[in-house]
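A.B. asks: whatever this is, show me its structure:
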Amino acid sequence: MPNNTKFIFILFIVMLISSVSFKANAQSILENEISVTANKKPLGSVLGLMEEKGNFRFAYYGKLAVKDSIVSIHANNTSIKGALDQLLGTKYEYKESPGYIIVRYAPLELALVLEKNTVMSDGQQIVIGYIVDTKTNNRLENVSVLEKNALLSTLTNKEGFFELRLKNAPQAIELTAVKENYKTVTTVFLSEVKIQMGDKKNKTDYIDGDFSAIERSGIGRFFISSKQKIQSLNLGGFISKVPVQASLIPSISTRGMLNTQIVNNFSLNILGGYNAGVRGLEMAGLYNINRMNVDALQMAGIFNTVGGSVNGVQLAGIYNNVFGNLRGLQMSGIHNSVKGSQIGLQMSGIYNNVYKDSKGVQIAGISNTAKGSQNGLQFSGICNIGKDTIRGAQITGLFNYAKELNGVQFGLVNITDSPSGYSFGLLNFKKGGYKKISVTSNEISDLNISVKTGDHKMYTILMAGRSDRNNEEKLFSFGIGLGKNIPLGKRFTFNPEISTQYLYLGNWDFYNSLSKFDTSFSFQLCKGVAMSAGPSFNLYWSEKQDKDGNINTSTFVQDRTKRYSVISSNSKDILGWIGWSFGLTFF
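C.D. replies: Presented below is the predicted three-dimensional model:
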């Protein structure tokens, strides 16, 4: 085959493949053919079958027929739109976004009437018109009218009129009217002024989900105007993406009323702003409010509130709130809140709260709460709360709670509803755990009371003791310790314990320290009462003089322990002896 013929043949094949690919890409999802057969099946299962066969997903905006309602359909090589019309009737309209068919309840119809199109001397074009209900011929209030190419929008007034002022208007002006429960109407007409424009980078997309919760919140009711709420209600999840926007307050913005539908790469809010979302950087002197998602960095002097999820960093002087999930860093002066799940780091001066699962670190000056599971670390000044499973560590100055503990707790008081995990603190309460009160006597103290809490593999001890005899010094002791409960039979247990105590011997200026290793054996006399006894090894250290040079003349310990001594007084002033304990344990 000649070279020219080969070249023409290859070119023909490339053009053929390209034309087929273009045709496939240009064809909308709604025009694709589908075969669906169902007899008295739930609507939800039929729609799911269509998703599977058509390789797309449905998104529902506004009211939709009940998914468990029973339907029948027999469609053979029918367009997806035709199949939907059979299932849902004419009260719905359908729009497309990559990978989605958006189903919108729209039983009513409206009409857009263009009344005036004027070009001003400064090149600005003013478009005036009104919206009517096609059935009643009544003019409609609060209809969103937008020009997608210019990214400008407004609402009709009480008489149904609208006015749009367009700068650098495109040659073909495309006006779209949208209102809840009405079918969307688009009107295209030529501009009176022809202006050459560069390629528009604005891209219209659809985000599936209900983001209206932010407008119903306390912050939303206070900072978001009723007109902006109506705008977002009419337009739903349809958004546009632009590089930059700026605003003074939410109602005064470079994007006007359409800022609720715009995702920005850079957003500058002098006082505060309300946008669809951010994919880049957002800064505000006071506050940022976003209906949907934030990706990258968001900073505000007072607070940030996001109706969707955050992937990146949130910084605020007082408060951060995310209605979806957080993946990254959240830092504020007072409070951080995530109503979904958190992966990353939360830091606040007072309080952190995650409504679902937390995976990472929570650090707060006062309190941390995870209502789902916590995988990582909770660190606070006063309390940590895990309302599900804690896998990791809880560290606080006062109180820890975990519904189920598969990790470690460090705090003055630790509580868990499970027998697993390890708790280190003065008081540790566990489900099915070890909770005892012991009354004993030993060679040093005539009366000792110990509170033991934790579990059988390890419990903590709070102890205090006293001796008050007429012929010797008075003793008061207090300390802490750790112990383990080892069953030896049905009634016998072995309880090795280590502890450290301070001994008060009439003068606080002298430090007297006693370390003990007890090896007690217990025998259960009856339910809730056991007798314990066993030997102990003791080490005692005492200061010889106080800071003012006064000599320590106390011989209480030496007198009480000389018959048991195994380590005599040496250069380090340490005494050691073998002692004993005997007493009763309750509960």
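A.B. asks: mean confidence for the host helix or strand of Gln394?
C.D. replies: Using DSSP states H and E, Gln394 falls within strand 383-396. If you average the pLDDT over strand 383-396, you get 96.
A.B. asks: for it, packing partners?
C.D. replies: strand 367-370, strand 374-380, strand 399-405, strand 408-410 (3 or more CB pairs under 8 Å, 6 or more residues apart in numbering; DSSP states H and E). In this view, the C-beta of every residue, glycine as well, is placed from N, C-alpha and C.
A.B. asks: output the helix or strand encompassing Asn321 in CSV with nothing but the alpha carbons.
C.D. replies: Using DSSP H and E, Asn321 falls within strand 319-322. Presented in CSV, the C-alpha positions along strand 319-322 are these (Å, rounded to 0.1, in the frame of the first residue of the first chain):
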residue,chain,number,x,y,z
TYR,A,319,-15.0,28.7,67.9
ASN,A,320,-14.9,26.1,65.1
ASN,A,321,-17.9,24.1,64.0
VAL,A,322,-18.1,21.4,61.3
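A.B. asks: hmm, who's touching that strand?
C.D. replies: Here strand 319-322 makes contact (CB atoms under 8 Å, 6 or more residues apart in numbering) with 219, 302-306, 309-310, 314, 330-332, 334-340.
A.B. asks: the residues you listed in helices, which ones?
C.D. replies: Using DSSP state H, Ile219 are the members of the contacts of strand 319-322 that sit in helices.
A.B. asks: show me how to select, in ChimeraX, the buried members of the contacts of strand 319-322.
C.D. replies: In ChimeraX, this line selects whichever of the contacts of strand 319-322 come out buried by 16 or more other CB atoms under 10 Å:
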select :302,303,304,305,306,309,310,314,330,331,332,334,335,336,337,338,339,340
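A.B. asks: check this structure and tell me which residue is nearest its centre.
C.D. replies: The centroid of the chain falls nearest to Val338 when counting by CA atoms, centre = their mean (2.9 Å).
A.B. asks: so where is the stretch 51-200 of the chain shaky, pLDDT-wise?
C.D. replies: Confidence mapping of the stretch 51-200 of the chain against pLDDT under 70 gives the ranges 61-66, 169-171, 190-200.
A.B. asks: oops, could you answer that again for the chain instead?
C.D. replies: 1-27, 61-66, 169-171, 190-210, 569-572.
A.B. asks: show me the helices in it, by range?
C.D. replies: Remark: helices assigned in the chain by DSSP H are 3-26, 43-54, 80-88, 213-216, 218-223, 226-235, 556-561.
A.B. asks: bridging residues for Gly386?
C.D. replies: Ala370, Ala402 (DSSP bridges).
A.B. asks: gap between it and Asn168?
C.D. replies: 57 Å (CB to CB, to the nearest Å).
A.B. asks: can you check Val103 too?
C.D. replies: 36 Å.
A.B. asks: who's more crowded, these two?
C.D. replies: Val103 (21 against 14; other CB atoms under 10 Å).
A.B. asks: and the closest residue in space to Glu473 that isn't next to it in sequence, what is it in contact with?
C.D. replies: Setting aside the residues directly before and after it, Glu473 is nearest to Phe556 in space (CB to CB, 6 or more residues apart in numbering), at 4.4 Å. Residues in contact with Phe556 (CB under 8 Å, 6+ apart) are 472-473, 475, 505.
A.B. asks: which of these tops the neighbour count?
C.D. replies: Leu475 (22 neighbours).
A.B. asks: so how many other residues sit close to the nearest residue to that residue once chain neighbours are set aside?
C.D. replies: Among residues not flanking Leu475 along the chain, Ser467 sits closest, at 4.1 Å (CB to CB, 6+ apart). When neighbours are counted by other CB under 10 Å, Ser467 registers 21.
A.B. asks: number the chain from 753, please
C.D. replies: Okay, residue one is now 753; in that scheme the one you just asked about reads as Ser1219.
A.B. asks: just checking, Leu1049 touches Ser1019?
C.D. replies: No: contact criterion CB atoms under 8 Å: Leu1049 and Ser1019 do not qualify, at 10.6 Å.
A.B. asks: with neighbour numbers in mind, choose between those two.
C.D. replies: A direct count of neighbours by other CB under 10 Å for Leu1049 and Ser1019 places Ser1019 higher, at 30 against 16.
A.B. asks: what residues does that one make contact with?
C.D. replies: 996-999, 1025, 1027, 1030, 1032-1035, 1040.
A.B. asks: how about it, nearest residue that isn't a chain neighbour?
C.D. replies: Glu1034 (4.1 Å).
A.B. asks: hmm, that neighbour is touching Val1046, no?
C.D. replies: Yes: when contacts are counted by CB under 8 Å, Glu1034 is listed as touching Val1046 (6.9 Å).
A.B. asks: ok, these two, which is more surrounded?
C.D. replies: Val1046 (30 against 27).
A.B. asks: report the beta-bridge partner residues of that one.
C.D. replies: Bridge pairing for Val1046 - DSSP bridges - gives Val1030, Val1062.
A.B. asks: hmm, Ala1028 and it touching each other?
C.D. replies: No: between Val1046 and Ala1028 there is no contact under CB under 8 Å: 10.3 Å.
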